[in-house]
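**Q** Got a predicted structure here, sequence first:
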Amino acid sequence: MQRLEFLRLDNCDMGFRSLLTVEHPRLCELEIVRCNFERVDLNWLPELTTLTLVSWMSLDDPLSFGYVPLLHTVSISNTARSWHKMLKLSEFLGKATISNLHLGFQSEKIWVKPQDPKELSQVFSELRLLNLAAISEECDLRWTLFVLQGAPSLEELCIRVCDCLQVRDEEERRKHEFSEERKDTGAKWEASDFKHHKLSVLRIFGFQSKLKFLDYITTVMEAAVNLKDIYLHEKPACEEKCAYIRQRGDRFPKSGRQKILVRNSLDMHMRPLLRLHFRF
């Protein structure tokens, strides 16, 4: 096992409130998927570069980071229940310095707690790419700006809005202990007047020509002084069996007239060097 470079733990259970300690001299990539560990301690992994964590049942931080000097790509997704703790990324990610971060919310409660940018200076000092996935359509998007404020080196921001996996039936939601509050109740953030000098690309999947999206894009445009490209994507067709049904009211701009209305709403004529792309 000393030559092991890739390890995937899927649906593992060592007993109630069990702890897993990981130490290995050559492990480069670790995936922990649907496991019932109370916490995974990444004590000593000098070659680890890529970490994936999907779903946890812990009431506290599901991971702790020890010696992981090469870790640069982290993907964390969770279908949060009402009792899941909201994580502070500065505490949760510890001293890891990450360049590529994916956070997935599975169309349920936002489980990240917005923080003051100064608290994020260590963990996000090298962050280049941020992907915030499966944000429920009922959520406001302004809370995501705390990461932009706290990541001065960020070059690309990707937002994915989708209710694909949403459990809609109220009885079923209570049965599975999903939150009965708005899914962004704990994720409130009012962005101060700040400027970002590295962000060049903004992508939004599941875009609709609604005020919520237009206001968010306008805020990013005003903050990111060197923004070059905005990509607006229609919600991709779902490949899995789920509760999502595309509604007739979906308002992705497809006609030339609709695209012009979006451009005018964003005052694109004021930013001649900024390109707006529509993707189906």
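**A** That came in fine, so what should we check first?
**Q** partner residues bridging the nearest residue to Ala223 once chain neighbours are set aside?
**A** The shortest distance from Ala223 to any non-neighbouring residue, by C-beta to C-beta, 6 or more residues apart in numbering, is to His196 (5.1 Å). C-betas here are computed from N, CA, C, even on glycine. Counting by DSSP bridges, His196 is bridged to Ala224.
**Q** Let the chain start at 5 from now.
**A** In the new count, where the first residue is 5, that last one comes out as His200.
**Q** need the contact list for Val229.
**A** Contacts for Val229 (C-beta atoms under 8 Å, 6 or more residues apart in numbering) come out as 199-201.
**Q** among those residues, which ones are buried?
**A** His200 (16 or more other C-beta atoms under 10 Å).
**Q** and which of the contacts of Val229 is nearest Ser62?
**A** Ser62 has its nearest neighbour among the contacts of Val229 in His200, at 33.3 Å by C-beta to C-beta.
**Q** If I look at the closest one, what pLDDT would I see?
**A** As predicted, His200 sits at a pLDDT of 96.
**Q** so it touches Ala228, yeah?
**A** Yes - in this structure His200 lies within contact range of Ala228 using C-beta atoms under 8 Å: 4.7 Å.
**Q** quick one: common contacting residues for these two?
**A** Leu152.
**Q** Next up, the contacts around the nearest residue to Met5 once chain neighbours are set aside.
**A** With sequence-adjacent residues excluded and distances taken as C-beta to C-beta, 6+ apart, Met5 is closest to His28, at 7.8 Å. Contacts for His28 were tallied using C-beta under 8 Å, 6+ apart; they are 5, 8, 11, 48-49, 51.
**Q** and if you look at Phe128?
**A** Counted by C-beta under 8 Å, 6+ apart, Phe128 has contacts 93, 102, 151, 154-158.
**Q** Tell me which residues of stretch 37-49 come out buried.
**A** Buried, per 16+ other C-beta under 10 Å, within stretch 37-49: 39-44, 46, 49.
**Q** Same question for stretch 48-57.
**A** 49, 52, 54-57.
**Q** returning to what we had before: pLDDT and secondary structure for the contacts of His28 - can I get that in TSV?
**A** Output for the contacts of His28, formatted as TSV (pLDDT from 0 to 100; DSSP: H, G, I helix; E, B strand; the rest coil):
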residue	pLDDT	secondary structure
Met5	73	coil
Leu8	94	coil
Leu11	96	strand
Trp48	96	strand
Leu49	96	coil
Glu51	97	coil
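**Q** in this structure, what spans have low per-residue confidence?
**A** 20, 169-172, 241-254 (pLDDT under 70).
**Q** any chance you could map the helices in it?
**A** 93-96, 149-154, 174-179, 215-227, 260-269 (DSSP state H).
**Q** Out of these, indicate the one that is most buried.
**A** helix 149-154 (a mean of 23; mean count of other C-beta atoms under 10 Å).
**Q** what's that one in contact with?
**A** Contact partners of helix 149-154, identified using C-beta under 8 Å, 6+ apart, comprise 93, 118-125, 128, 134, 136, 158, 161, 193, 195-196, 198, 200, 203, 223-224, 227-228.
**Q** again, only this time at 7 Å
**A** Applying C-beta atoms under 7 Å, 6 or more residues apart in numbering, the contact partners of helix 149-154 are 118-119, 121, 124-125, 128, 134, 158, 161, 193, 195, 198, 200, 203, 223, 227.
**Q** of those, closest to Gly19?
**A** Gln119 (33.6 Å).
**Q** Could you pull up the contacting residues of the closest one?
**A** 92-94, 150, 154.
**Q** how about a cut-off of 10 Å?
**A** Residues in contact with Gln119 (C-beta atoms under 10 Å, 6 or more residues apart in numbering) are 92-95, 150-151, 153-154, 193.
**Q** ok, the closest residue to Leu278 other than its chain neighbours - contacts?
**A** Nearest non-adjacent residue to Leu278, counting by C-beta to C-beta, 6+ apart: Leu231, 5.9 Å away. Leu231 makes contacts with 161, 200, 202-206, 221, 224-225, 275, 277-279, as judged by C-beta under 10 Å, 6+ apart.
**Q** In JSON lines: the residues you listed, plus distance to Leu63.
**A** Shown next, in JSON lines, are the contacts of Leu231 (distance: C-beta to C-beta, whole Å):
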{"residue": "Leu161", "distance to Leu63": "31"}
{"residue": "His200", "distance to Leu63": "35"}
{"residue": "Lys202", "distance to Leu63": "37"}
{"residue": "Leu203", "distance to Leu63": "35"}
{"residue": "Ser204", "distance to Leu63": "39"}
{"residue": "Val205", "distance to Leu63": "37"}
{"residue": "Leu206", "distance to Leu63": "35"}
{"residue": "Ile221", "distance to Leu63": "37"}
{"residue": "Val224", "distance to Leu63": "34"}
{"residue": "Met225", "distance to Leu63": "40"}
{"residue": "Arg275", "distance to Leu63": "46"}
{"residue": "Leu277", "distance to Leu63": "49"}
{"residue": "Leu278", "distance to Leu63": "45"}
{"residue": "Arg279", "distance to Leu63": "46"}
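**Q** If anything else comes up later, I'll come back, but that's it for now.
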